[in-house]
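>>> dropping a prediction and its sequence here:
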Amino acid sequence: MAPDFELPSSSGAPLRLSSLRGKQVVLYFYPKDDTPGCTVEACSFRDNLPRFDGADAVVLGVSKDSLQSHKKFIDKYSLNFTLLSDEELKAHALYDTWKEKMNYGKKYMGTERSTFVISADGRIKKIFRKVNPKGHDVEVLAALAS
């Protein structure tokens, strides 16, 4: 079963994952609002949202950014799905997405870009780790259809 959590959402009310039972859920964790890879990923979900709707799926983006940061990101790129703020890293811990990373020889802690496809009955159908943002939407759509 997909671990349940409740987080503040860009839609204005807290969102509990289990409240979406009956629909498939694309739960994707990304490092930071308005950065190159994260923008590519978010915009590909935005551009293909009708296809996700057709698969009876809800797309949720999760980062440790604040709701204020999410609002700017949503407004700048006209994002049409919900972003969740996980400033305390609660969902990150449940889904094991807060990892030690390396950039230019420096180690630091950050979000491992990951996507969890959750079935309508709340079970994890597919896990994508260390996601490449380009073309990821197509992989996720294929997982929803399987």
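Thanks, I have the structure now. Just so it is clear, the model here is predicted, and its values are computed rather than measured.
>>> state the mean pLDDT of stretch 134-146.
Summarised as a single mean, pLDDT over stretch 134-146 is 93.
>>> who does the lowest-mean-pLDDT helix or strand in the chain pair up with?
With mean pLDDT, DSSP states H and E as the measure, the helix or strand of the chain carrying the lowest mean pLDDT is strand 98-103 (a mean of 92). Strand pairing for strand 98-103, using DSSP bridges, gives strand 106-111 (antiparallel).
>>> list of residues touching whichever helix or strand comes after the strand it pairs with?
Using DSSP states H and E, the helix or strand that directly follows strand 106-111 along the chain is strand 114-118. Strand 114-118 has contacts (Cβ atoms under 8 Å, 6 or more residues apart in numbering) with 2, 17, 24-29, 95, 97, 124-131, 136, 140, 143-144. C-beta: built from backbone N, CA, C; applies to glycine.
>>> can you give the strand pairings for strand 114-118, parallel or anti for each?
With DSSP bridges as the criterion, the sheet partners recorded for strand 114-118 are strand 24-29 (antiparallel), strand 124-128 (antiparallel).
>>> tell me which residues touch the most centrally placed residue in the chain, please.
Among the residues of the chain, the smallest C-alpha distance to the mean C-alpha position (Cα atoms, centre = their mean) belongs to residue 28, namely 2.1 Å. By Cβ under 8 Å, 6+ apart, the residues touching residue 28 are 41, 45, 59, 60, 61, 62, 113, 114, 115, 116, 131, 140.
>>> again with residue 21
Here residue 21 is in contact with 120, 121, 122 (Cβ under 8 Å, 6+ apart).
>>> residue 47: neighbour count?
The local packing of residue 47 (other Cβ atoms under 10 Å) involves 11 other residues.
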